[in-house]
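Asks: Whatever this is, show me its structure:
(2 chains, ligands or ions: 2)
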Amino acid sequence: MYVGVDLGSRTIKVVAFQDGRMVDYKIEESGFAPHEQAREMLTDYKADQIVATGYGRHLAREHFADDVITEIKAHGIGIHAVLPQVTTIVDVGGQDSKVITLNGKGQVSNFQMNDKCAAGTGRFLEIMAASLAYPLVEFGPAALDSDQEVQINSMCTVFAESEVISMKNRGAPRQHIARAVHSSVADRILAMLNRIGFDKYVAFSGGVANNPCIVSMIRGKLVGVQVAVPENPSIIGALGASIEAAKLGESQA
Amino acid sequence: MTAGKFEIKAYPEMWKDLDMDVERFDKMRLMLGDIYEKTYLSQKNRPSGMAYFDNMIAEIHGGRIKELLAAKKEGKPVIGTFCVYIPEEIVLAAGGVCVGLCGGSQGSVPDAEKILPRNICPMVKSAFGFKAGRICPYFQAVDLVYGETTCDAKKKTWEILDNMVSTYVMEIPQMKKQTDQDMWLAEVKEFKTKVESLAGKEVMLEELNRAVKTMNNKRKALQRINMLRHTNPTPISGKDVLLIEQIAFYDEPVRFTEKVGELCDELEQRIQDGVAVPGKNAARVMVAGVPMALPNWKLHNLVEGAGAVIVNEESCIGTRYYKDLMDEDGEDIETILQNLTRRYMQIDCSCFTPNNERIDQVLKEYRESDAHGIIHYSLQFCHTYNVEEIRIREACEKENIPYMFIESDYSPEDVGQLQTRVEAFLEQISG
Ligand code: SF4
Ligand code: SF4
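Replies: Ligands and ions are numbered 1, 2, ... in the order given. Below is the predicted model:
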């Protein structure tokens, strides 16, 4: 059995892979000591090879992983496995957002990552949801309900938050503000996509792909492009890592 | 030198005489020593010739400063510089000394931000902060700071710096037309007069010719080491070569040339014996872009920490400093100054427009260094390099050269993110 672990900033994802397919997966909050948490999650499997990815990959290598790959490569492999026609991946995670392009063989040919700041990431959505008093899971649906948006001008999380607060104080309806927040994240992602260029098949992976509003906004703005969301977008990185583990294992066998 | 022992030597008495903030400086000294040990001394399989350069770092705040102070006592001008556009030959001919001033540390940035705007490049802020905070012995020791007009951040900062230390500004043209060359020749002559007045003597033909040779020899030594590191597998780490390139800006040129020569002999032997740093399959990366002033080792550390090796720096800490030589044995001073102007006009800093020479140069160095990909490195708010990046990227795309752009500053905040990007780039070029 081969196992991929994605130690993200918010959650840990584990995928078990055997005989060319995924046989199990788990998702848990990262907690305080992510590598211990991850090790705990691994006890159910008798792994021949473990490949780690994500923010905590090097920590995982120190403790239990056989090898590491970056999130960028992991998402490339993962998406190529489930949606082979895709050449462009949008991966928005907790800490950062990326756009990755693949060549015909599913190898990374180019990528872009957001700068140091949190704008356009899951973190940004979280902070804004909190300041509008929405639980994260309700944030996207609420924004989707709104038919009108107020304008957020600032891309910086700190300034955007104070903009949101002053909108609240001016009495703007909550879901309209929520929509504006989503629209600002979608714009960021689109800017990255435009910068790097994209084809007809775009896939959306990472935790933020669970947010229906962001996905529909991206779809709405990419005319003539098919935007696919895999069944379980959060585990794509871990899936990629597990496939890499299988490749490693087989090359050693 | 064993790990755990490295320390940059302290000279508190001398620092006090130089009117430094000794207490603060001493803390920075200890920190720098730690970072140096972790970054440099932990490397495996270093050439033994690096011992000289390790010692240059150990004596960076002492031994070398003493030499400068001794030169000053003899009435020799000591000039602090920031740019490869300083006609060093003239300073040398007058018996003077050029020292590159540091501007690669986050530690001095807050000192600068008390005065300067925040959104200018970290190099300018760091350098300025060293003076504002009185935490650099070189800044305290120099007679004069040489400033240039290569970018707006610099040229306006010199006006403010001039209140703290005498700052001489030379106009660097931004085009390479005949009128610009004539203008620069006039600037060079004016600079010569300035240096002569500092030195209290006129620059003579023989001395000028000797200085031209000294500088050529130094550049040739740097060219040689750069050529040797291009060997695949490479006999020396990119970090070590970067360090040597950084030290090139403040060491005594004749001694430095000799030491680089000795190291090159050793590297030749290593190549023969098949001794390489690091493994045979390491990805080879070329870095292009803005210079990395001491102690900016951030990118090299990340790239080599991920198992790759840097095999070329297309920057002013790097080939832009030494790729061009000057004609030797000029018959009269006027001819030499014209040759000098011609040599310096070959520098392809991004302050020039147009600057197609740089695009060609990047591609040429990529081929020569047998690299697998290029990282274009720039500093935040450095407009000329950040915009020129677009043209470099296009050129790389056209030639199918794996390429990545990194814009950063000296703070550690983005190290995690950069690590991911660097590793992903290495995954990409190793297939
Ligand atoms: S990049 Fe330009 S301004 Fe900077 S040191 Fe080089 S020549 Fe001077
Ligand atoms: S890095 Fe760019 S902005 Fe900074 S001093 Fe050099 S030329 Fe100016």
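Asks: From B:Glu423, how far off is the most centrally placed residue in chain B?
Replies: Of all residues in chain B, the one closest to the mean position by CA atoms, centre = their mean is B:Ile317, 3.3 Å from it. Counting by CB to CB, to the nearest Å, the gap between B:Ile317 and B:Glu423 amounts to 24 Å. In this view, the C-beta of every residue, glycine as well, is placed from N, C-alpha and C.
Asks: do the longest helix that chain A contains and chain B meet at all?
Replies: Counting residues, the longest helix found in chain A (DSSP state H) is helix A:174-196. No - Helix A:174-196 stays clear of chain B (CB under 8 Å from any CB of the partner chain), getting no nearer than 10.9 Å.
Asks: Tell me the residues of the stretch 51-200 of chain A that contact ligand 2?
Replies: By CB under 6 Å from any ligand atom, no part of the stretch 51-200 of chain A sits against ligand 2.
Asks: okay, and for the stretch 51-200 of chain A, where does confidence drop off?
Replies: Within the stretch 51-200 of chain A, the segments meeting pLDDT under 70 span A:115-117.
Asks: now the strands for it?
Replies: For the stretch 51-200 of chain A, applying DSSP state E, counting those that start in this stretch gives strands covering A:67-68, A:88-92, A:97-102, A:108-113.
Asks: Kindly report the domain assignment for chain B.
Replies: What the record gives for chain B is the domain set B:12-201, B:209-235+B:251-325+B:350-430, from the TED database.
Asks: can you put the ones you listed in a markdown table and add distance to A:Lys168 and mean pLDDT?
Replies: Converted to a markdown table, the domains of chain B look like this (distance: least, CB to CB, whole Å; pLDDT from 0 to 100):
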| stretch | distance to A:Lys168 | mean pLDDT |
| --- | --- | --- |
| domain B:12-201 | 30 | 95 |
| domain B:209-235+B:251-325+B:350-430 | 30 | 96 |
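Asks: can I get these in CSV with distance to A:Val14?
Replies: What follows is those, written out as CSV (distance: least, CB to CB, whole Å):
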stretch, distance to A:Val14
domain B:12-201, 33
domain B:209-235+B:251-325+B:350-430, 20
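Asks: Tell me which of the ones you listed sits nearest to A:Val215.
Replies: Checking the domains of chain B against A:Val215 by CB to CB gives domain B:209-235+B:251-325+B:350-430 as the closest, at 24.3 Å.
Asks: for the closest one, the distance to its chain's centre please.
Replies: In terms of CA atoms, centre = their mean, to the nearest Å, the gap separating the centre of domain B:209-235+B:251-325+B:350-430 from the centre of its chain is 11 Å.
Asks: can you tell me the distance between the two ends of it?
Replies: End-to-end distance for domain B:209-235+B:251-325+B:350-430: 48 Å, by CA to CA, to the nearest Å.
Asks: for stretch B:364-379, same thing?
Replies: Stretch B:364-379 has an end-to-end distance of 23 Å (CA to CA).
Asks: any bit of that stretch sitting next to ligand 2?
Replies: Yes - looking at stretch B:364-379 against ligand 2 by CB under 6 Å from any ligand atom, the contacts come from B:Leu379.
Asks: Say whether ligand 1 is contacted by that stretch.
Replies: No - for stretch B:364-379, no contact with ligand 1 is found by CB under 6 Å from any ligand atom; the gap never falls below 10.0 Å.
Asks: doesn't B:Ile115 fall inside a helix?
Replies: No - according to DSSP: H, G, I helix; E, B strand; the rest coil, B:Ile115 belongs to no helix; its state is coil.
Asks: can you pull the contacts of it?
Replies: For B:Ile115, the contact set (CB atoms under 8 Å, 6 or more residues apart in numbering or on different chains) comprises B:128, B:132, B:160.
Asks: how close does the closest residue in space to the second one that isn't next to it in sequence sit to ligand 2?
Replies: Using CB to CB, 6 or more residues apart in numbering or on different chains and skipping the chain neighbours, the partner closest in space to B:Ala132 is B:Asp111 (4.6 Å). Between B:Asp111 and ligand 2 the distance is 17 Å, computed by CB to the nearest ligand atom, to the nearest Å.
Asks: what about B:Asp111, which SS state?
Replies: Reduced to three states with three-state DSSP, the structure at B:Asp111 is helix.
Asks: That one contacts B:Gly129, doesn't it?
Replies: Yes - between B:Asp111 and B:Gly129 a contact is recorded at 3.7 Å, counting by CB atoms under 8 Å.
Asks: Go ahead and list the helix or strand containing B:Lys364.
Replies: In this assignment (DSSP states H and E), B:Lys364 forms part of helix B:356-368.
Asks: what's that helix packed up against?
Replies: Counting contacts by 3 or more CB pairs under 8 Å, 6 or more residues apart in numbering or on different chains; DSSP states H and E, helix B:356-368 packs against strand B:284-289, strand B:309-314, helix B:383-398.
Asks: got a markdown table for the ones you listed, with mean neighbour count too?
Replies: Listed next are the helices and strands packed on helix B:356-368 as a markdown table, based on neighbours: other CB atoms under 10 Å in any protein chain shown:
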| stretch | mean neighbour count |
| --- | --- |
| strand B:284-289 | 26 |
| strand B:309-314 | 26 |
| helix B:383-398 | 17 |
